[in-house]
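Student: all I have is the shape, not the residue letters:
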């Protein structure tokens with residue numbers, strides 16, 4: 001009778017030890033994510049930030065991405081954020097930019113509204129409608145027939 005109890009304890013010990021260590025390892029991995037290096041960011045004002053790691057704009061107040069990754073250029077003032085992203089094309093093993101198809105955004109920080117993605121014509125119309133100051137400009141480098 002004691003042999004069965006000892007065998008049972010031994011089997012439970014063999015099963016419990018890996019479960020304990022796996023649980024401990026997972027807990028350490030999860031806790032360790034808090035110590036991963038913080039990405040460098042540019043403060044765009046009113047709790048908007050541009051992450052240099054992924055080149056996307058985040059609205060920290062709402063906890064969401066405002067404009068997706070790979071922003072190529074941007075400009076901002078106290079009320080507006082302008083962003084340009086050139087679409088990416090995969091050709092063979094390389095991903096390159098398509099300068100013929102820019103995507104443009106305007107973020108109105110006062111209303112937290114995001115306008116875009118827009119083509120150059122929609123962008124210019126929205127810029128005029130919202131009253132974006134003429135002095136707020138991005139360096140726009142892309143090929144497009146008007």
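Tutor: Arrived safely, thanks for sending. Since this is a predicted model, take the numbers as computed values, not measurements.

Student: what does the pLDDT read for residue 102?
Tutor: The model reports residue 102 with a pLDDT of 83.

Student: if I look at it, how far off is residue 111?
Tutor: Residue 102 is 24 Å from residue 111, where distance means C-beta to C-beta, to the nearest Å. (Glycine included, C-beta is placed from N, CA and C.)

Student: more neighbours, these two?
Tutor: Shown here are residue 102 and residue 111; by other C-beta atoms under 10 Å, residue 102 has more neighbours (23 against 9).

Student: you'd agree that one is up against residue 84?
Tutor: Yes - the criterion here is C-beta atoms under 8 Å, and residue 102 meets it with residue 84 at 5.8 Å.

Student: which residues in the protein form strands?
Tutor: Along the chain, the segments classed as strands by DSSP state E run 41-45, 48-51, 56-59, 64-67, 73-76, 80-91, 94-108, 113-118.

Student: what's the fourth one packed up against?
Tutor: Right, strand 64-67. Judged by 3 or more C-beta pairs under 8 Å, 6 or more residues apart in numbering; DSSP states H and E, the packing partners of strand 64-67 are strand 56-59, strand 80-91, strand 94-108, strand 113-118.
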